[in-house]
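Chemist: I would like to see how this sequence folds:
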Amino acid sequence: MESKFSIEDAISKLWSKLDGWLDAIILKLPNIVMAILIMVLFYFIARGVRKLLQKFLLNRISQQSIQDIIARFVFLAVVLIGFFVALGVLELDKVLTSILAGAGVVGLAIGLALQGTLSNTFGGLILSFMPKINIDDFIESDGIKGFVSEISLRNIVVRQPDNNYVVIPNSKFIDGSFKNYSLTDRSRIVVSCGVGYESDLQSVEDLVVKIIGENFPQNKNEKVEFFFTEFGDSSINFMVRFWIDMKGALQEHAARHGAVKLIKSHFDAQDINIPFPIRTLDFGKNTLNMNTISSGEQS
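Modeler: Here you go, the predicted model:
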């Protein structure tokens with residue numbers, strides 16, 4: 001015989017269940033209060049750690065956005081530690097184990113799905129702490145020259161001298177090599193030219209070294225270096241190397257521009273020839289004899 005549904009019995013069981021929960025809450029009340037206090041305490045600890053981090057460590061990072069992101073990560077990590085401690089106080093070990101297991105699975109899935117993005121993110125963090133690159137540095141990487149305008153968690157932005165911007169993924173930038181022109185105050189540049197074969201080579205060398213040294217002062221352990229390099233088709237070629245103040249492409253172009261003008265003007269004053277390429281066309285035996293062709297056609 002089937003039992004009939006009784007409202008009174010259902011209400012009685014509900015109240016019994018609620019009464020049991022109430023008793024459990026009352027028994028756990030000290031633990032609940034302690035867990036709340038732990039969460040509040042870790043919240044203020046997280047704020048203090050964030051302030052100390054920003055004051056003593058993050059000021060080494062030039063990018064403000066990266067400073068904020070790292071500080072936020074540290075804040076959340078400390079708060080999560082407090083959350084796990086509070087769960088332990090509430091004796092919710094099974095819940096804690098389930099949360100950690102679920103977080104591990106989710107973290108693994110996210111890591112596999114966002115492998116490239118995470119690589120760029122960690123690359124951005126590495127770039128932020130690297131002392132060899134900063135905002136406004138003039139760098140060259142993979143044939144790209146320009147000023148560093150932004151370092152983010154995903155990419156590095158380079159402003160080229162023509163005012164175009166190039167976005168380089170952090171993972172690619174970190175894996176490759178780059179040259180930072182801004183790390184040193186002085187750099188050496190090379191200017192090449194050629195003189196005619198009739199020139200007095202020693203006089204050419206003395207003149208070039210003299211005018212470059214007078215117009216581009218060299219510091220201690222620096223000097224103007226002159227070398228003849230080859231016998232060209234119509235000239236004897238040479239190069240002159242000297243040091244200049246340089247932290248970007250503008251100083252390099254300006255120095256090379258000035259050196260070329262100086263060499264040309266002094267060579268003109270000394271009647272030193274800078275020959276231009278000469279091409280001689282010699283047909284030799286292939287010269288056509290129009291009379292022979294004409295008489296052949298008539299016969």
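Chemist: quick check: Pro161 touching Gly146?
Modeler: Yes - when contacts are counted by C-beta atoms under 8 Å, Pro161 is listed as touching Gly146 (6.6 Å). For glycine as for every other residue, the C-beta is placed from the backbone atoms N, C-alpha and C.
Chemist: CA-only coordinates of stretch 172-179 in CSV, if you can.
Modeler: Output of stretch 172-179 as CSV, limited to C-alpha atoms (Å, rounded to 0.1, in the frame of the first residue of the first chain):
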residue,chain,number,x,y,z
LYS,A,172,60.1,37.1,-30.7
PHE,A,173,62.0,40.0,-29.3
ILE,A,174,63.3,38.0,-26.3
ASP,A,175,64.4,35.1,-28.5
GLY,A,176,66.3,37.3,-30.9
SER,A,177,69.1,39.8,-30.5
PHE,A,178,69.0,43.5,-30.4
LYS,A,179,71.4,46.5,-30.4
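Chemist: buried residues of that stretch, list them for me.
Modeler: Phe173, Ile174, Phe178 (16 or more other C-beta atoms under 10 Å).
Chemist: next, count neighbours for the closest residue to the last one other than its chain neighbours.
Modeler: Nearest-residue entry for Phe178: Ser141, 3.8 Å, with adjacent residues in sequence omitted and distances by C-beta to C-beta, 6 or more residues apart in numbering. Here the neighbour count serves as a burial measure; for Ser141 (other C-beta atoms under 10 Å) it reads 20.
Chemist: try the one 3 residues further on
Modeler: Using other C-beta under 10 Å, Ile144 is surrounded by 13 other residues.
Chemist: check what pLDDT the closest residue to it other than its chain neighbours gets.
Modeler: Distance criterion C-beta to C-beta, 6+ apart; nearest residue to Ile144, sequence neighbours excluded, is Val166 at 5.2 Å. pLDDT for Val166: 91.
Chemist: show me what Val166 is bridged to.
Modeler: Val158 (DSSP bridges).
Chemist: may I have the helix or strand where Val191 lies as CSV, with CA atoms only?
Modeler: Val191 belongs to strand 186-195 when assigned by DSSP states H and E. The C-alpha trace of strand 186-195 is given here as CSV (Å, rounded to 0.1, in the frame of the first residue of the first chain):
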residue,chain,number,x,y,z
ARG,A,186,79.9,57.6,-27.9
SER,A,187,79.9,55.5,-31.0
ARG,A,188,82.3,55.1,-34.0
ILE,A,189,81.1,55.7,-37.5
VAL,A,190,82.7,55.1,-40.9
VAL,A,191,82.9,57.3,-44.0
SER,A,192,84.1,55.9,-47.3
CYS,A,193,85.5,57.7,-50.4
GLY,A,194,87.9,57.3,-53.2
VAL,A,195,90.7,59.4,-54.9
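Chemist: looking at Pro161 and Gly146, which is more packed in?
Modeler: Set Pro161 next to Gly146 and count neighbours by other C-beta under 10 Å: Gly146 wins out with 22 against 13.
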